[in-house]
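Peer 1: pasting the structure only:
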């Protein structure tokens, strides 16, 4: 996925979060109609987690770029860790008021082996599924 695609995905997630917050029945800043003041409805929380996940995966791509710039080199070969561009999210209610939701983010970690020390000609040599859990507390996502 190109940088432009990530930017578009982030913009879409942000727009969805804004639409969910402005939807009829959503809690307003004054707490009128909809969810009680201080509590977000599930659609708003889902939209915020979608946006958070896009941002998180953008950070993982930057980590991959840093890893590729500074690979581990041994006997003229380089290896580095990267991350798949695709990811899935789930939102699960907890039934616990202080942290009412858990967000589940799934993606793939990849190990690349390169035939040169500069990490220019590289192939994926292993894939590992990753599951990250985040709690929604006080209106934000926490690792």
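Peer 2: Nice, thanks for sending it over. Everything numeric in this text was worked out from a predicted model, so none of it was measured. Numbering: from 1, shown residues only.
Peer 1: who touches residue 143 in this structure?
Peer 2: For residue 143, the contacting residues are 132, 134, by C-beta atoms under 8 Å, 6 or more residues apart in numbering. To be clear about C-beta, it is placed using only N, CA and C from the backbone, and glycine gets the same treatment.
Peer 1: before we move on, what about residue 81?
Peer 2: Here residue 81 is in contact with 64, 67, 109, 110, 111, 112 (C-beta under 8 Å, 6+ apart).
Peer 1: List the buried residues in the helix or strand encompassing the fourth one.
Peer 2: The reference is to residue 110. Using DSSP states H and E, residue 110 sits in strand 101-114. Buried residues in strand 101-114, counted by 16 or more other C-beta atoms under 10 Å: 101, 102, 103, 105, 107, 110, 112, 113, 114.
Peer 1: That one - what's its average pLDDT?
Peer 2: Average pLDDT, strand 101-114: 98.
Peer 1: List the neighbouring strands of that strand plus their orientation.
Peer 2: strand 77-83 (antiparallel), strand 88-93 (antiparallel), strand 122-137 (antiparallel) (DSSP bridges).
Peer 1: where does the residue in the chain sticking out farthest from the centre fall, phi/psi-wise?
Peer 2: Centroid-distance maximum for the chain: residue 75 at 35.3 Å, with C-alpha atoms, centre = their mean. Main-chain torsions, residue 75, degrees, to the nearest 10: phi 50, psi 50.
Peer 1: One more: the one 10 residues further on?
Peer 2: For residue 85, the backbone dihedrals are phi -80, psi -20 (criterion: degrees, to the nearest 10).
Peer 1: Report how many residues lie close to it.
Peer 2: 15 (other C-beta atoms under 10 Å).
Peer 1: What of residue 141?
Peer 2: Counted by other C-beta under 10 Å, the residues lying close to residue 141 total 20.
Peer 1: same thing with residue 80?
Peer 2: Neighbours of residue 80 (other C-beta under 10 Å): 21.
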